[in-house]
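Novice: Give me a 3D structure for the following:
(chains A and B)
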Amino acid sequence: MGVSKFLISRALNMVLVLFATIFITIAIVGPTMDTILKRSIEIEVKASILQSKEVMIAFKDPKDLENYIQLQVRNAIESLGLNEPWYSPRRLWTVIWKLITLDLGQSYYLRSYSGSGNVREIILEALPRTILLFTTATILNSIIGILLGVIIARKSGSIIDKFASTFAVVSNSFPLWWVGMIMIIIFAYTFKLFPARATPLIPPSDPNYPLALIHHMILPLITLILIGFGGWTYVVRNIMIGVLQEDYITVAVAKGTPERKILYGHALRSAAPPIITMIALSSSGSLGGAIITEAVFDWPGIGRLYWNAVSVLDIPVIIGLTYITTIVFLISVFIADILYSVFDPRVKVG
Amino acid sequence: MGEIYNLIGLLSSFKAFWDEYKRYKIGILGIFLLIILIIISISAVILIPIDTFKQWHNPAYWTRYPKAALPSWINYFTNTKLPEHLILKEPLVMKSESGVIQIFNHIYTIQFNYDTFPDDFIFNYLIKYKGSPPLFELSIIRPDGDRLLLIITTLPPKPFNLEAYTFNGSIYSTDRVIRSNVAHYLSERIGESISIMDIAPQFVIFSEKPFKLDSKVLKGTYTFNATFYTFDKDDQLLTSELIIGGKVFGILGTDELRRDLLIGILWGTPVALFIGLSVATLAVFVGIVYGIVSGYYGKRLDEIMMRINDIIYSLPALPFLIILAISFGRNILLVVLYLTVFGWVGIAKVARSMALQIKTLAYIEAIELIGASKWRVMLKHIMPQITPYALASIALSVPSAILAEAGLSFLGLGDPTLPTWGQILHDAQLYGAAARGLWWWIIPPGVMIAITGLTFVFIGIAMDTVLNPRMRKI
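Specialist: Take a look at the predicted model:
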């Protein structure tokens, strides 16, 4: 069957790309990466020694204990091969294995709300909030875009069409994060309708936290929709105009099929594959693009974590975030590919 | 690209292209905006000395400017006229002699017709003397004719090892001696003694009578008179400067670090154009060459090259730009290089599919049969056909390059030696400008980014329509 072959080849491609990405990341930050791993080993070894009372009691002189820890750390480093350069095959494999098992090491400075310095925990804490804001925005944008796009495609060439196209081009030319700053001036500073900083003041453990989070989410969400729906509308319009020129639509019109049925039944179904791909790609693409937007609104997700990590140069967190972002992106591309092949039987297989 | 229309002819005769191009209003608008941007760039380079521009990140340079001052045109729209920040350097100079004594006068006359008090004032002077230290007196004449003596003092003695001493002095309105003199003036008028701790001189000097806490500003002409008595015929008062600390300044105002935003915005233009155009040109060039080679050679090489293309396409751009900037530095040329790395991928894909189509054409096969080398075919026969697409792509790639650079700068990863619009916004974010409503710090850089982007979008759309007639849809 062609489709399963197609899926396997896409999956293989995804794995290949993922490995290449990891390799490039390691090559860029290789030397720094070593320091990170050595540090995290040191913390682990120290913690395990200091926790076990029997070992602690065995040492009367703190100097001996210190020497013992150093020896253990050195052993651990050598057993992992960290004394070799980053590009030695053994080392490469270790690093890749660590990344595959999502062992992202310890952060330098940043901590999770519970005070943990484990990079994986820090990232997993922020990830759902980014998904909450940006996925909601993408879904709303795509709904508005499809509804408006279909209406405008029907009236292509009209004043509304020209206005919508101009709006799409102009709204795409402003940096999203700059529009965010302007929104803060208007709605948070001048009219005081929403808080300027999107991070709720109460801790996440508070039962009211989800409500506070949603209240703080409104302003960034409005901004994302304001700057995003124009582009969506424009793309859906273009796809629909292409579809509406197909022969079978002309036939349907000639047969006297009601316009509503032609638009939403026939045309939109044909336009579905590229639109679905767009939804899949942009919901994952927003994870990376969110960096600056979240920094502007101080939204406590992946993006702001990135900004904080860059500000204090917390390299383990930066690498962990890059890795996670790439994985999410690749998985979305993969899903988009599958969806495309499901919805569009003409897709080239093999 | 099925049919072959005379592209070479179209390109070589620029007039033909231009005749076609100028039919598109959007293209004309793009050219018009581009000309404005070029004029801004040229005037920035000519009018604003490169030294001023290099001082952007040096706080010491900007001490004479006001902090977070609004643009001065705001006064046309408000009822309360805010005082303009004045940096006066051209006084009325008078010089007289009586015996061995030379008297230098620098007189500054200002019209103070604002509704709120100035923040402070500073008087700077540069004087050269050989003999006994000169005597310095600063006084002010109010619109109602009152004369206030602010300070009378002897300048420091000339160091004995120097032939002539050039002394750079500054008097601040907050100086103790000025406060004491103003307190003295005030207590004479209102008949009770005033502690100098309670005095902010500008609120007395510029106030209506009677002096009360809620007194308004006395509008009219104020005359600052600086007098220097020198005792050697070679002594010279070189320059002086009076700064009245106001709340509005210049066309675009200043930021929290007292920088004149106009300079940053103007100098940002050539920098943005340079980054945008060089990234777009490099990326399109690399993409076209890569795509042609991949498409024309085909087979295994094509497979490998397209896999590499896929990988770069799959890298999340901004995170990698951040990692590159942190690992390898953020010189402007490096930033151009980083942006190029992520800019050529899409163009290579299109160029490849174009090359795939062109190479199946009969005349390419004929040329190959004659024995033309592969490089000759690619350079002389495929490249020219893709050039129109490339030219439009350059214009269309500029906006994303400018946006990407702005984003990187906004994260604080821009070239620290060159102010860019993104960096201005970075500082604005750092000082919480949005939440504090400092709109004049935020609006101009963003508008400039968008205008520059739109300029090239407009030009690109028009070029695309002219040069690729088969893609005419708009």
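Novice: Show the residue spans covered by the strands in chain B.
Specialist: B:86-88, B:92-98, B:101-112, B:120-129, B:135-141, B:147-154, B:165-172, B:220-230, B:236-245 (DSSP state E).
Novice: what about those strands, which gets the closest to B:Gly268?
Specialist: strand B:86-88 (22.8 Å; C-beta to C-beta). C-betas here are computed from N, CA, C, even on glycine.
Novice: what lines up beside that closest one in the sheet?
Specialist: strand B:236-245 (antiparallel) (DSSP bridges).
Novice: Check whether A:Leu110 really touches A:Asn308, as I assumed.
Specialist: Yes. With contacts counted by C-beta atoms under 8 Å, A:Leu110 reaches A:Asn308, the gap being 6.1 Å.
Novice: which residues are common contacts for these two?
Specialist: Common contacts of A:Leu110 and A:Asn308 (C-beta atoms under 8 Å, 6 or more residues apart in numbering or on different chains): A:Asp314.
Novice: List the contacts of B:Gly276.
Specialist: B:Val398, B:Pro399, B:Ala401, B:Ile402, B:Glu405, B:Thr452, B:Phe456.
Novice: So what's the residue count around the fifth one?
Specialist: The criterion is other C-beta atoms under 10 Å in any protein chain shown. On that basis, B:Glu405 has 30 neighbouring residues.
Novice: what's near enough to touch it?
Specialist: B:Ala272, B:Ile275, B:Gly276, B:Val279, B:Val335, B:Leu339, B:Gly414, B:Thr420, B:Gly422.
Novice: By neighbour count, which of those residues wins?
Specialist: Neighbour max across those (other C-beta under 10 Å) = B:Gly422, 31 neighbours.
Novice: wait, does stretch B:382-401 contact chain A?
Specialist: Yes. Using C-beta under 8 Å from any C-beta of the partner chain, stretch B:382-401 reaches chain A at B:Pro399.
Novice: can the strands of chain B go into JSON lines with extra columns for distance to B:Thr63 and mean neighbour count?
Specialist: As requested, the strands of chain B are arranged in JSON lines below (distance: least, C-beta to C-beta, whole Å; neighbours: other C-beta atoms under 10 Å in any protein chain shown):
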{"stretch": "strand B:86-88", "distance to B:Thr63": "11", "mean neighbour count": "16"}
{"stretch": "strand B:92-98", "distance to B:Thr63": "25", "mean neighbour count": "10"}
{"stretch": "strand B:101-112", "distance to B:Thr63": "20", "mean neighbour count": "17"}
{"stretch": "strand B:120-129", "distance to B:Thr63": "9", "mean neighbour count": "20"}
{"stretch": "strand B:135-141", "distance to B:Thr63": "20", "mean neighbour count": "18"}
{"stretch": "strand B:147-154", "distance to B:Thr63": "21", "mean neighbour count": "15"}
{"stretch": "strand B:165-172", "distance to B:Thr63": "10", "mean neighbour count": "14"}
{"stretch": "strand B:220-230", "distance to B:Thr63": "20", "mean neighbour count": "19"}
{"stretch": "strand B:236-245", "distance to B:Thr63": "10", "mean neighbour count": "20"}
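Novice: would TSV of these with mean pLDDT be doable?
Specialist: Shown next, in TSV, are the strands of chain B (pLDDT from 0 to 100):
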stretch	mean pLDDT
strand B:86-88	92
strand B:92-98	90
strand B:101-112	93
strand B:120-129	93
strand B:135-141	95
strand B:147-154	93
strand B:165-172	92
strand B:220-230	94
strand B:236-245	93
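Novice: Out of the ones you listed, the one nearest A:Arg197 is which?
Specialist: strand B:236-245 (31.4 Å).
Novice: what's the helix or strand for A:Leu305?
Specialist: Using DSSP states H and E, A:Leu305 sits within helix A:302-311.
Novice: Ok, A:Leu226 next?
Specialist: Short version, using DSSP H and E: A:Leu226 is in helix A:209-244.
Novice: Which pLDDT does the model give the residue of chain A most remote from its centre?
Specialist: Within chain A, A:Lys60 marks the point farthest from the mean C-alpha position, 50.9 Å out by C-alpha atoms, centre = their mean. A:Lys60 is assigned a predicted lDDT (pLDDT) of 73.
Novice: what mean pLDDT does the helix holding A:Leu226 have?
Specialist: 89.
Novice: and what of stretch A:302-312?
Specialist: 82.
Novice: circling back to that earlier point, need the contacts of B:Glu405 in JSON lines (columns: pLDDT).
Specialist: Converted to JSON lines, the contacts of B:Glu405 look like this (pLDDT from 0 to 100):
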{"residue": "B:Ala272", "pLDDT": "95"}
{"residue": "B:Ile275", "pLDDT": "95"}
{"residue": "B:Gly276", "pLDDT": "95"}
{"residue": "B:Val279", "pLDDT": "96"}
{"residue": "B:Val335", "pLDDT": "94"}
{"residue": "B:Leu339", "pLDDT": "94"}
{"residue": "B:Gly414", "pLDDT": "87"}
{"residue": "B:Thr420", "pLDDT": "93"}
{"residue": "B:Gly422", "pLDDT": "94"}
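Novice: In CSV, list those residues along with distance to B:Asp146.
Specialist: Shown next, in CSV, are those (distance: C-beta to C-beta, whole Å):
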residue, distance to B:Asp146
B:Ala272, 52
B:Ile275, 57
B:Gly276, 58
B:Val279, 63
B:Val335, 59
B:Leu339, 63
B:Gly414, 52
B:Thr420, 50
B:Gly422, 51
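Novice: Quick check: A:Arg111 touching A:Glu121?
Specialist: No. Assessed by C-beta under 8 Å, A:Arg111 is found out of contact with A:Glu121, at 9.4 Å.
Novice: So if I had to pick from those two, which one is more boxed in?
Specialist: For A:Arg111 versus A:Glu121, neighbours defined as other C-beta under 10 Å are more numerous around A:Glu121 (17 against 12).
Novice: Apart from its neighbours in sequence, what residue is nearest residue 226?
Specialist: With no chain named, the answer covers chain A. A:Val179 (6.8 Å; C-beta to C-beta, 6 or more residues apart in numbering or on different chains).
Novice: my bad, the chain I had in mind was chain B
Specialist: Excluding its sequence neighbours, the residue lying closest to B:Ala226 (C-beta to C-beta, 6+ apart) is B:His106, at 4.5 Å.
Novice: Against B:Thr230, how distant is the one you found?
Specialist: 13 Å (C-beta to C-beta, to the nearest Å).
Novice: so the residue nearest to B:Ala226 touches B:Leu237, yeah?
Specialist: Yes. Counting by C-beta under 8 Å, B:Leu237 is a contact partner of B:His106 at 6.8 Å.
Novice: shared neighbours, these two?
Specialist: Joint contacts of B:His106 and B:Leu237 (C-beta under 8 Å, 6+ apart) are B:Tyr125.
Novice: Give me the distance between the helix holding A:Leu226 and the centre of its chain.
Specialist: Distance, stretch centre to chain centre, for helix A:209-244: 17 Å (C-alpha atoms, centre = their mean, to the nearest Å).
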